[in-house]
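**Student:** Sharing a model that was predicted from the sequence below.
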Amino acid sequence: MSKTIAPVTESDYLKAYRVMLLSRVLEEKLASLYRAGMIKGGVFLGRGQEALSTATGIHLRKGDIFAPLIRDQAGRLAFGDTVLDTLRTYLGSQLGSMRGRDGNIHRGRPREGYYAMISHLGAMVPAVAGGLLARRLRGESGVVGATCLGDGGTSTGAFHEGLNAAAVDKLPLVVVVANNQYAYSTPNSRQYACADLLDKAAGYGVAGHKADGTDLLDCLQTLRKAVQAAREGGGPQLVVASLLRLVGHGEHDDFSYLDKNLKKTAVGADCLLVAEKYIVDQGWKTAENLAEWRREAEQEVNTTADRVRREPSPDAEEDDWAALSRSEYREQFAAV
Amino acid sequence: MITYLEAIRLAQQKALATDPRVFLYGQDIGNFGGAFKATKNLAAEFPGRVLDAPLSEDAIVGMAIGAAIEGARPIVEMQFADFSTCGLNQIVNHAGTLFYRTGVPCPIVVRLPSGGTSGGGPFHSQSLEAIYAHWPGLVVVTPATVEDAYTMLLEAVALDDPVVFCEHKFLYYHLKAESLPDTSLPIGKARIARTGRDATVVTHGAMLHESLAAATELAEDGYQLEVVDLRSVKPLDTDTVLASVARTGRLLVVSEEWPWGGVSAEVVSRVTTEGFGLLDAAPMRVNAKDTPVPYHPDLWSVHRPTASTIAAAARRLLDL
């Protein structure tokens, strides 16, 4: 397993940066649409987590499995999700992948390896492990499955059970934990008592990787290493990245619980600004180049949003209201 | 002679032999062959496809769901139905919602060794079919015969939808059959286990046999109970139940479950809302007592419905 890890090139970095940028611009649009009352359901943003999320999605290939969580707009785009389907889901278009039956952060296309999360944190850890087990039983190798969690998710039974079971079978699972300092309003001091969430890796017998979630380069290097190790048979990999969620839990949340001092610490930096400075400092692009990229992203997002707003909502009359695929099993309840 | 338990083992053997997508995952099911030996010798016969799982019901079901998304047909064994509550979230919120949410079906079978046995106690005796039937998106079956244990398990594996397979532990060794059928009534169809004209007894699982014994007892008095074995509780074959009540005019529902809600409440609800005019008397139900299932055989045998309590209820229903 110890093929050398390819270095992150200028081209890799810029490609990842553009995914982060598109995600940031798209989420800014979602927030503004939310304030305008146009979003169906809630809006939960990944501001401050784009570097880590992008680094996760971008290292997965077609044929891999990805189960993102609520703050992974960037990782979703990196894995192949589109601005169009994102907006369709948030704006409640009938043409969205979930057809109005589930929303927003819950969207996915499981047949394409893009699993659709349920709200119960940790639940996707064993699901991705099981997908990987099935691939192995089918004789496939070289497949990787990744799923994302926050610090709060690491306290669930499903996280524990799933990571442990994946470790027992040495499955190529990458669990990426964004330690963003808060689970909704609960600070880390009330979430876990170990010195570092990475300490948990040893308990499960899996490899642990620490990343600076505010630094795109570190995230890219770390995820590249973790994904490659899983792909080459190294078993589950636990990545823990430190960062700060730069927004409330959801757009409904005033974030009053934020310890303002955290913003001044190392975790408080905005990964997008850090990346922009790095690009300019390296001389790869000018600030004007980046501003032009932002305008392009805004144009794509705005044009797509305008298009989606004209699309029809799901029609309750047309829904077959079927929770089972086998039509013979659909019971008619007289009271309905 | 083939026992109910052996029928379950043979169905899994056949599924493994005929469908390469099938694999088995559960606690102690590998070389050990399972707590009840429902997978005896299967790990040796199908190397790499009968896998021991850690003590992690959530992960067991969660992994089955992921495998099903990838096209596999996992059969998972909960060591006892009672422990499936530790995997409840994955069963009801993940497996049960997947098709509706994403259009991708979830062909898993979760085997639940269910129901009471002497000495089982509070945590090795539960009948949980009603809670799984309550959530949308799950098929819930309760085979009551050796033949059904075999054919319904094979049918469950072939289904694209998630199936909660409530096999009854009391029947594991008590029931025997000469041979196993190739075909049977499909899941979703109830069976008239005994015909009769005076009252309909609707039941499922081990209570079928208590109900049949009660029917024999009443026959000695000259009364004929018609006994309907639901076979699957979701979907529930309301048509067969209503047709029987139309013939008899009286309904007694017998279930080993606890009384609040449950299959018996659902059957009574359906008959009274959809077939009120068919009834000559108020429907009755016999359930287990509303306490945890007791450990001592002397308490347990009174906690659950038995042929004599069912017969007594039937006599009241018939105004005897």
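**Tutor:** Happy to help now that I have it. For clarity, every value in this text was computed on a predicted model and none was experimentally measured.

**Student:** Helices of the chain, residue ranges please.
**Tutor:** Going with chain A. A:10-35, A:50-58, A:73-79, A:83-90, A:124-137, A:157-168, A:199-204, A:216-231, A:271-282, A:287-309 (DSSP state H).

**Student:** oops, chain B please
**Tutor:** Secondary structure of chain B (DSSP H): helices at B:4-18, B:42-45, B:57-69, B:88, B:96-102, B:129-134, B:146-158, B:171-174, B:207-220, B:238-248, B:262-274, B:297-303, B:307-317.

**Student:** highest average neighbour count across the ones you listed?
**Tutor:** Across the helices of chain B, averaging neighbours per residue (mean count of other Cβ atoms under 10 Å in any protein chain shown) puts helix B:57-69 on top, at a mean of 30. The way it works is simple: take the backbone N, C-alpha and C, and place the C-beta from them, glycine included.

**Student:** Quick check: mean pLDDT of that helix?
**Tutor:** Mean pLDDT, helix B:57-69: 98.

**Student:** and it with helix A:157-168, angle?
**Tutor:** 70 degrees (axes from the mean of the first three to the mean of the last three Cα atoms, to 10 degrees).

**Student:** Please state the offset of helix B:57-69 from the chain centre?
**Tutor:** Going by Cα atoms, centre = their mean, to the nearest Å, the spacing between the C-alpha centre of helix B:57-69 and its chain's C-alpha centre is 21 Å.

**Student:** and if you look at stretch A:247-255?
**Tutor:** 18 Å.

**Student:** any idea of the mean pLDDT in it?
**Tutor:** 95.

**Student:** How far does that stretch stretch from one end to the other?
**Tutor:** Taking Cα to Cα, to the nearest Å, stretch A:247-255 runs 7 Å from one end to the other.

**Student:** Not counting it itself, show me its contacts.
**Tutor:** Applying Cβ atoms under 8 Å, 6 or more residues apart in numbering or on different chains, the contact partners of stretch A:247-255 are A:31, A:34, A:35, A:42, A:43, A:44, A:45, A:47, A:48, A:182, A:184, A:185.

**Student:** Farthest pair within these?
**Tutor:** Within the contacts of stretch A:247-255, A:35 and A:182 form the most distant pair, 22.1 Å apart (Cβ to Cβ).

**Student:** picking up where we left off before, what about the helices of chain B, which gets the closest to residue A:132?
**Tutor:** Among these, helix B:57-69 comes nearest to residue A:132, with 7.4 Å by Cβ to Cβ.

**Student:** wait, residue B:245 sits on residue B:253?
**Tutor:** No - the pair residue B:245 and residue B:253 does not pass the contact test of Cβ atoms under 8 Å, sitting 10.6 Å apart.

**Student:** got the contact list for the closest residue to residue A:313 other than its chain neighbours?
**Tutor:** Nearest non-adjacent residue to residue A:313, counting by Cβ to Cβ, 6 or more residues apart in numbering or on different chains: residue A:92, 5.4 Å away. Listed by Cβ under 8 Å, 6+ apart, the contact set of residue A:92 reads A:39, A:40, A:100, A:103, A:313, A:314.

**Student:** Now, the residues you listed that are in strands?
**Tutor:** The strands in this structure, assigned by DSSP state E, contain none of those.

**Student:** Tell me the residues of the stretch 201-320 of chain B that contact chain A?
**Tutor:** B:234, B:235, B:236, B:238, B:270, B:273, B:274 (Cβ under 8 Å from any Cβ of the partner chain).

**Student:** now do 6 Å
**Tutor:** Counting by Cβ under 6 Å from any Cβ of the partner chain, the residues of the stretch 201-320 of chain B close to chain A are B:235, B:273, B:274.

**Student:** Next, the residues that contact stretch B:213-230 from outside, please.
**Tutor:** Contact with stretch B:213-230 is made by B:144, B:190-202, B:204, B:208, B:211-212, B:241, B:244, B:248, B:307, B:310-311, B:314, B:318, as judged by Cβ atoms under 6 Å, 6 or more residues apart in numbering or on different chains.

**Student:** Also stretch A:18-25?
**Tutor:** By Cβ under 6 Å, 6+ apart, stretch A:18-25 touches A:50, A:54, A:73, A:74, A:77, A:78, A:272, A:293, A:297, A:298, A:301.

**Student:** for stretch B:43-62, same thing?
**Tutor:** Under Cβ under 6 Å, 6+ apart, the answer for stretch B:43-62 is A:126-127, A:157-158, A:161-162, A:164-165, A:168, B:16, B:23-27, B:29-31, B:39, B:42, B:76, B:83, B:86-87, B:90-91.

**Student:** Check stretch A:262-276 too.
**Tutor:** Counting by Cβ under 6 Å, 6+ apart, residues outside stretch A:262-276 touching it are A:17, A:20, A:24, A:50, A:51, A:214, A:215, A:216, A:242, A:243, A:244, A:290.
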